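A.B. asks: Would you be able to build a 3D model of this:
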Amino acid sequence: MIKDTFFGRKAQIELLNKRVSSLKDGYRQNLAIIGDELVGKTTLIFRFLNKYCDNRTILIYLEVRPESLQNFTKRFIGVFLYNFLSNSNTPLKEDLDFLIQESSKHLPKTAEKIKAILASLIKRKKINVFSELLSLTDSIYQESGKYCVVIFDEFQNLEHLGIKELYLEWSKMLILQKTTMYIITSSMKFKARNILSKNLASLFGNFETISLEPFDLKTCEEYLKCKLEGLNLAKGLDNFIIHFTGGCPFYLELITQELAKSKQPSLTDIIQRQMFEPSGILNQRFTNYLKKFFDSPNSQDYVSIMHQVSSGHNKINDIAHILHKQKSYLTARINHLLESDCLTKSGDFLTINDRVMSFWMKFVYQEKLHSLTFDAKNQKAVFRDKIEIMILDFLAETKKPVIERMSELFHLFEDDTMQIEKKKFKLDHFREIKPLILGGKSLKDGLIGRSNNSVWIMGFKNELITEDDVTDFAKECKKYRNKLQQKIILTTQEVDSNARLRALEEKILTWDLNSINHILDLYSKPRIVA
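C.D. replies: Got it, this is the predicted structure:
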């Protein structure tokens, strides 16, 4: 039996199936899948395309590239007709003239429309070409009764086609088309959300957004168990791989493939080969990524900011102090990096979106720039030492109880602000943090932190948080009369949906492992892989 190599994404696949299946029942909901580059958006789409089967629905997938309108039009029409004819028992050829000729037997009006579109392009008439292309899906429904799902992968590249008022034209089509559904993807999260909120936000035909994140802990564990089966990997290194990659499917695949083909698997060797060596895939990738900033007169500022953030100096005041620059001057540069999806802002904190690139910036790029010699052998030895130290630090941290690590983390708070799940709040500087024994039936461990203005009461449980836990914790909090309270329940597991609702009523925050690791990232501390 061949193992299934697709991992996780069950909820997203179910949603895709549900929305596409509902189209022929008269319910149309367009979808936008947004996530960082390499997080698996295209893999998710291909999985759906390979599994979905319905003769009444035509799936039209198109990778949108920076290209001419003429090339795009021909590709769109080619995919459109090929997929229509795929169930006709006709031997198919990837030849546009052949596809038009064959489809004209079944879709004479649509074929004539296609010929008119191509003729207008020959005459270099671009007006309404995009709308005419999209209207082919209406034409095919009228002639065959078949619904269409149009998938634009990296849809923002449509802007390179040179279509005037592209989104105005498209938004009109979205309102009118009732038998066509659109699925769009984008790695440019900032830009995509801006387009969806301003340009494609019509009342009818709007987009439901799916935010695709890296694999969660459970999926990472399943992935590594499958990919590393039979390998003699040192204890704890599987958890370090999860921490290092942040669950990004591309990096997980790269590292596990390298481990699998090594006779004597060494994680340090692999990271060195991929990140340090000039021929390494990751070294080349990140070097090429930085090149897009080099044409800018502010290129050195951008790279310097990224290096400071990767090194843990990730608050704008700290960066301004280290670089000897005015805060207002740096803010403009940081905003550009935010809009380029290079950085993400959480309150006062900045993080580099690509976690592995952040390690590369810290350990490779700046070290090479600042090296006084060209002694590659010495640089390699220094790099290996730093990777070994990072691994050992991670393994040492994993041996500590989670409640101890939380106490150490809270000691780092300095009245900064951060954001979790769209909620922004202040991380008070505590004058003392002490263990707290709680009186709940199963929620017994906790911490209490006192600042000059408030008291934080925290409960911790290494299991699922239930409604009863929240009720018990709320009673405990009432023992403290300080009006400025921050009440938090921490867990490395999940929070029951009823417990979340109950916590909202009691004004109690519930931080799961994702929230905890988000804060650890802000302070450049190893993640918890429980």
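A.B. asks: Buried ones in the one helix or strand in the chain whose mean pLDDT sits lowest, by neighbour count?
C.D. replies: Within the chain, no helix or strand scores below helix 366-370, which has a mean of 74 by mean pLDDT, DSSP states H and E. For helix 366-370, the buried set under the neighbour-count rule, 16 or more other C-beta atoms under 10 Å, comprises residue 366. For every residue, glycine as well, the C-beta is placed using N, CA and C.
A.B. asks: what about the helix or strand that it is followed by, average pLDDT?
C.D. replies: Per DSSP states H and E, the first helix or strand lying C-terminal to helix 366-370 is helix 376-398. Here helix 376-398 scores 91 as its mean pLDDT.
A.B. asks: Okay, angle between the next helix or strand after helix 376-398 and helix 376-398 too, please.
C.D. replies: Tracing the chain past helix 376-398, the next element assigned as helix or strand by DSSP H and E is helix 402-410. Counting by axes from the mean of the first three to the mean of the last three C-alpha atoms, to 10 degrees, helix 402-410 lies at 120 degrees to helix 376-398.
A.B. asks: what's helix 402-410 packed up against?
C.D. replies: Secondary-structure packing of helix 402-410 (3 or more C-beta pairs under 8 Å, 6 or more residues apart in numbering; DSSP states H and E): strand 432-437, strand 445-450, strand 455-461, helix 513-522.
A.B. asks: can you list contacts of that helix?
C.D. replies: The contact list for helix 402-410, computed with C-beta atoms under 8 Å, 6 or more residues apart in numbering, reads 397, 430, 433, 435, 445-447, 449, 456, 458, 460, 462, 490, 492, 516, 519-520, 523, 525, 528, 530.
A.B. asks: And the next helix or strand past it?
C.D. replies: strand 416-420.
A.B. asks: Show me which positions of stretch 52-65 end up buried.
C.D. replies: Neighbour-count burial for stretch 52-65, counted by 16+ other C-beta under 10 Å, picks out 57, 58, 59, 60, 61, 62, 64.
A.B. asks: ok, for the last one, nearest residue in space, not its chain neighbours?
C.D. replies: Looking back up the chat, that one is residue 64. residue 157 (4.1 Å; C-beta to C-beta, 6 or more residues apart in numbering).
A.B. asks: Tell me who's in contact with the one you found.
C.D. replies: 64, 65, 66.
A.B. asks: what separates the last one from residue 158, distance-wise?
C.D. replies: Spelled out, it's residue 66. Using C-beta to C-beta, to the nearest Å, one obtains 10 Å as the distance from residue 66 to residue 158.
A.B. asks: Looks to me like residue 87 is in a helix.
C.D. replies: No. Per DSSP: H, G, I helix; E, B strand; the rest coil, residue 87 lies outside any helix segment and is coil.
A.B. asks: Read off the pLDDT value for the nearest residue to it once chain neighbours are set aside.
C.D. replies: Closest residue to residue 87 apart from its sequence neighbours, by C-beta to C-beta, 6+ apart: residue 55 at 5.8 Å. Listed pLDDT for residue 55 reads 90.
A.B. asks: what's the helix or strand for residue 55?
C.D. replies: Under the criterion DSSP H and E, no helix or strand holds residue 55.
A.B. asks: What is the burial count for the closest residue in space to residue 513 that isn't next to it in sequence?
C.D. replies: Closest residue to residue 513 apart from its sequence neighbours, by C-beta to C-beta, 6+ apart: residue 492 at 4.9 Å. Look at residue 492: counted by other C-beta atoms under 10 Å, it has 18 neighbours.
A.B. asks: mind listing what residue 492 touches?
C.D. replies: Residue 492 neighbours (C-beta under 8 Å, 6+ apart): 402, 462, 512, 513, 516, 528, 530.
A.B. asks: For residue 462, see how far away the fourth one is.
C.D. replies: Counting by C-beta to C-beta, the separation of residue 513 from residue 462 is 10 Å.
A.B. asks: same deal with the first one?
C.D. replies: Counting by C-beta to C-beta, the gap between residue 402 and residue 462 amounts to 7 Å.
A.B. asks: Who has more neighbours out of these two?
C.D. replies: Using other C-beta under 10 Å, the more surrounded residue of residue 402 and residue 462 is residue 402, with 19 against 13.
A.B. asks: any shared contact partners between residue 513 and residue 462?
C.D. replies: 491, 492, 493, 530.
A.B. asks: which one of those sits closest to residue 233?
C.D. replies: Set against residue 233, the nearest of the shared contacts of residue 513 and residue 462 by C-beta to C-beta is residue 530 (18.9 Å).
A.B. asks: and the closest one, how far is that from residue 520?
C.D. replies: From residue 530 to residue 520 the distance is 12 Å (C-beta to C-beta).
A.B. asks: Of the two, which one has the most company?
C.D. replies: Each of residue 530 and residue 520 has its neighbours counted (other C-beta under 10 Å); residue 520 has more, 19 against 14.
A.B. asks: Now do the helices in the stretch 1-150 of the chain.
C.D. replies: With DSSP state H, counting those that start in this stretch, the ranges of helices along the stretch 1-150 of the chain come out as 10-23, 41-51, 69-85, 96-103, 108-122, 129-134, 136-144.
A.B. asks: quick one, the second one and helix 10-23 angle?
C.D. replies: Taking the same axes, to 10 degrees, one finds helix 41-51 and helix 10-23 inclined to each other by 50 degrees.
A.B. asks: ditto for the fourth one
C.D. replies: Note on geometry: by the same axes, to 10 degrees, helix 96-103 and helix 10-23 are set 50 degrees apart in direction.
A.B. asks: For helix 96-103, C-alpha coordinates in CSV please.
C.D. replies: What follows is helix 96-103, C-alpha atoms only, in CSV (Å, rounded to 0.1, in the frame of the first residue of the first chain):
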residue,chain,number,x,y,z
LEU,A,96,-5.3,25.7,-29.2
ASP,A,97,-6.6,25.4,-32.8
PHE,A,98,-7.5,21.8,-32.3
LEU,A,99,-9.3,22.5,-29.0
ILE,A,100,-11.4,25.3,-30.6
GLN,A,101,-12.3,23.1,-33.5
GLU,A,102,-13.3,20.1,-31.3
SER,A,103,-15.3,22.3,-28.8
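A.B. asks: who does it touch, helix- and strand-wise?
C.D. replies: helix 69-85, helix 108-122.
A.B. asks: now, of these, which is deepest in the fold?
C.D. replies: Stretch with highest mean neighbour count among these: helix 69-85 (a mean of 19; mean count of other C-beta atoms under 10 Å).
A.B. asks: Between helix 108-122 and that one, find me the angle.
C.D. replies: 160 degrees.
A.B. asks: elements contacting helix 69-85?
C.D. replies: When contacts are defined as 3+ C-beta pairs under 8 Å, 6+ apart, helix 69-85 packs onto strand 57-63, helix 96-103, helix 108-122, helix 129-134, helix 136-144.
A.B. asks: And the average pLDDT for the shortest one is what?
C.D. replies: Along helix 129-134, the predicted local confidence has a mean pLDDT of 94.
A.B. asks: Equivalent analysis for stretch 163-170, please.
C.D. replies: Mean predicted confidence for stretch 163-170 is 92.
A.B. asks: Backbone dihedrals for the residue nearest to residue 87, please?
C.D. replies: phi -70, psi -10 (degrees, to the nearest 10).
A.B. asks: So it sits against residue 86, correct?
C.D. replies: No. Under the contact definition of C-beta atoms under 8 Å, residue 55 does not touch residue 86, with a separation of 9.9 Å.
A.B. asks: before we move on, which element is residue 503 in?
C.D. replies: Residue 503 is part of helix 497-505 when elements are defined by DSSP H and E.
A.B. asks: so where is the stretch 151-300 of the chain shaky, pLDDT-wise?
C.D. replies: By pLDDT under 70, the weakly predicted segments of the stretch 151-300 of the chain are 203.
A.B. asks: Relative to residue 159, how far out is residue 136?
C.D. replies: 21 Å.
A.B. asks: Right, I'll leave it there.
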